[in-house]
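Visitor: structural data only, the sequence is not supplied:
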């Protein structure tokens, strides 16, 4: 089944129906294994048990950027290939991306409380993620401004691509701003060497989070397709009346 | 019941639109205003509705009682259909019936214009003709004795025109009165005709405003087009209209504005998003020094909330003006000052309160100490209504001048200076200093109470005199 076959929403729905149970099972297994490994992982000699926040924080941060990349591909699909499901994918990915980005920020600030003595520090990484979060919210706001999703799709696609172009620049600028103001006195998570005892659960958790995203995204796409069908039916009813 | 105009003239922007217009309409009579485009038909209707003041002459009204006001006895069906796209058909109609009276007749009116199947559909989905039908349902449900109709047949299909003609005939039979601007035949037998503007106005010498006279002549029985027999069996309007209750009028407008704000395109949470963006930008300008951020934190929060509360202000009144709702609201029986104040309260509840709720979280991000966070939140809770009600004046000015957007903040920002001063002073006083928390906080409360009084009156006065 190629990407073009998936352009037919009915076929896509059938595929999602078949794949979704397996994905849910895989996600649950990955989380069970990942959490077990994470609990068993040794505490850090400096950070104590708080280092385990990393097992949520890092995968969430990864998904924050990964989902924007997914949305950028979907945006290309809308603008270049005019794939009918591209804007469905883009629209449904945005709230999930915002949720994971928020989770990343929340976990970071929970970790920061014992580490920095305060919930929030204008650290380069946290600040970059905060800006990513703001951009997600702006994108969601854009989707929610227009009633007709096909009209919002192109505008949102352009904003997504501009965002993808700008995010590295923002990241660089924030890093530069941060080092300008304070030397890297803040202890950073993850150095060049991570002990395998921590790395393995981290990787498993990352896989688990990614599976969770794929599951949520496919389910959300299915819901969005059905929602649009309801909308079309209501329109037909209105004008057939 | 009598509505009569004597030697009416109207001048706008130095151009005489019409003059020496005379007419008299009694209960059970219809008057058709005809004439070329630009001959002043709509202007005359707006003069009769009380939305414009004539330059010369006067509209005389003899109603049922000595206190009867023409604007409250009339219903103006304008060019535009005052509908909110995010509300359903039923919600749109129910709002107007709750606001203007006649709530009991809403369902029956919807059935009369054949829209009952679409009742739960957002109005955004309606075609132009269906929107027009919804306006007819409103006209029917609010049960006013005087109908002022501006091109009522526009966008209506044949069946819709039959519904309209039946409605009008029934209205006249039950002692109503109709004044309609029209290009086509209304389908009413024995309607009087007022021919407006004998000379087309915009040809070469139009500015000389040569006497364009209008005189009433009784028309020979109207050229009724062959149309199918009345398909709709309309029950007569319910006897005795129920006067709108002030409280239900106000709660209707409060509920409607809040619903619109939370639905698609409403933007209730946009302000919070903007607030977060402003707070995020501050450390980039000031540097991430937590001590500095803590010191300026209350000021940053206040500035952010101030700018965020200005953001949505230009939609507060402009939306109602653009779709013609404001004309109906101004001429409604409910006191306009109270209506405007209610709209401002709805605006504050949907845009101001979220800012207050978000402030403590943003305070943590700026590393403000707990006592000061509490103080900032308290001052914002007390101070943001003042921002909304001062902004209300700016929103009214922007609507009256037909220039929203950028003008509004320029008008409003200087007026908010005292609120900012005492808001920030009280928030800073909470962390100790020469002045206690109580003094600036009480002054802030006083400023808010004052703006609650002054804002609606100033805004209402501005909107009443816009022409």
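Guide: Thanks, I have it. All of these numbers come straight from a predicted model, not from anything done at the bench. Numbering: from 1, shown residues only, chains lettered A, B, ... in the order given.
Visitor: how close does the residue nearest to residue A:39 when sequence neighbours are not counted get to residue B:86?
Guide: Excluding the flanking residues, the one nearest residue A:39 by C-beta to C-beta, 6 or more residues apart in numbering or on different chains is residue A:52, at 7.7 Å. To be clear about C-beta, it is placed using only N, CA and C from the backbone, and glycine gets the same treatment. For residue A:52, the distance to residue B:86 equals 45 Å [C-beta to C-beta, to the nearest Å].
Visitor: same question, residue B:177
Guide: Relative to residue B:86, and taking C-beta to C-beta, residue B:177 is found at 35 Å.
Visitor: tell me which of the two has more neighbours.
Guide: Using other C-beta atoms under 10 Å in any protein chain shown as the criterion, residue B:177 and residue B:86 rank with residue B:177 on top: 23 against 19.
Visitor: check contacts around that one.
Guide: Neighbour list for residue B:177: B:1, B:3, B:25-30, B:145-147 [criterion: C-beta atoms under 8 Å, 6 or more residues apart in numbering or on different chains].
Visitor: hmm, the longest helix belonging to chain A touching chain B?
Guide: Of all the segments of type helix in chain A, defined by DSSP state H, the longest one is helix A:196-240. Yes: judged by C-beta under 8 Å from any C-beta of the partner chain, helix A:196-240 comes into contact with chain B through A:234-235, A:237-239.
Visitor: looking at those, state which has the most neighbours.
Guide: Most surrounded of the residues of helix A:196-240 next to chain B: other C-beta under 10 Å gives residue A:238, at 18 neighbours.
Visitor: all the strands of chain B, in order from the start?
Guide: B:2-12, B:15-26, B:30-34, B:56-62, B:74-77, B:146-150, B:177-181, B:192-195, B:216-218 (DSSP state E).
Visitor: now tabulate the ones you listed in TSV and tack on mean pLDDT.
Guide: Below are these laid out as TSV (pLDDT from 0 to 100):
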stretch	mean pLDDT
strand B:2-12	85
strand B:15-26	85
strand B:30-34	87
strand B:56-62	84
strand B:74-77	88
strand B:146-150	89
strand B:177-181	89
strand B:192-195	83
strand B:216-218	49
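Visitor: chain A contacts on chain B?
Guide: Counting by C-beta under 8 Å from any C-beta, chain B comes close to chain A at B:85-86, B:117-118, B:121-122, B:124-127, B:130, B:264-265, B:267, B:269-270, B:273, B:276-277, B:280, B:283-284, B:287-290, B:293, B:364-367.
Visitor: burial count for residue B:308?
Guide: For residue B:308, the number of neighbouring residues by other C-beta under 10 Å comes to 26.
Visitor: pLDDT score for residue 240?
Guide: Going with chain A. On pLDDT, residue A:240 comes in at 67.
Visitor: you looked at the wrong chain, it should be chain B
Guide: 45.
Visitor: again, but for residue B:344
Guide: pLDDT for residue B:344: 94.
Visitor: list the contacts for the closest residue in space to it that isn't next to it in sequence?
Guide: Nearest residue to residue B:344, sequence neighbours excluded (C-beta to C-beta, 6+ apart): residue B:392, at 4.6 Å. Residues near residue B:392 by C-beta under 8 Å, 6+ apart: B:313, B:316-317, B:340, B:343-344, B:347, B:455-456, B:458-459.
Visitor: go with 6 Å
Guide: Going by C-beta atoms under 6 Å, 6 or more residues apart in numbering or on different chains, residue B:392 touches B:344, B:455, B:459.
Visitor: quick one: buried residues of stretch B:332-349?
Guide: B:332, B:334, B:336-337, B:339-349 (16 or more other C-beta atoms under 10 Å in any protein chain shown).
Visitor: next step: those residues restricted to helices.
Guide: Counting by DSSP H, the buried residues of stretch B:332-349 contribute B:336-337, B:339-347 to helices.
Visitor: and which of the residues you listed is nearest chain A?
Guide: residue B:347 (17.9 Å; C-beta to the nearest C-beta).
Visitor: the closest one - nearest residue in space that isn't next to it in sequence?
Guide: Spatial nearest neighbour of residue B:347, excluding adjacent residues (C-beta to C-beta, 6+ apart): residue B:316 at 5.2 Å.
Visitor: with residue A:107 instead?
Guide: Excluding the flanking residues, the one nearest residue A:107 by C-beta to C-beta, 6+ apart is residue A:57, at 3.9 Å.
Visitor: show the contacting residues for that neighbour.
Guide: Residue A:57 makes contact with A:104, A:107-108, according to C-beta under 6 Å, 6+ apart.
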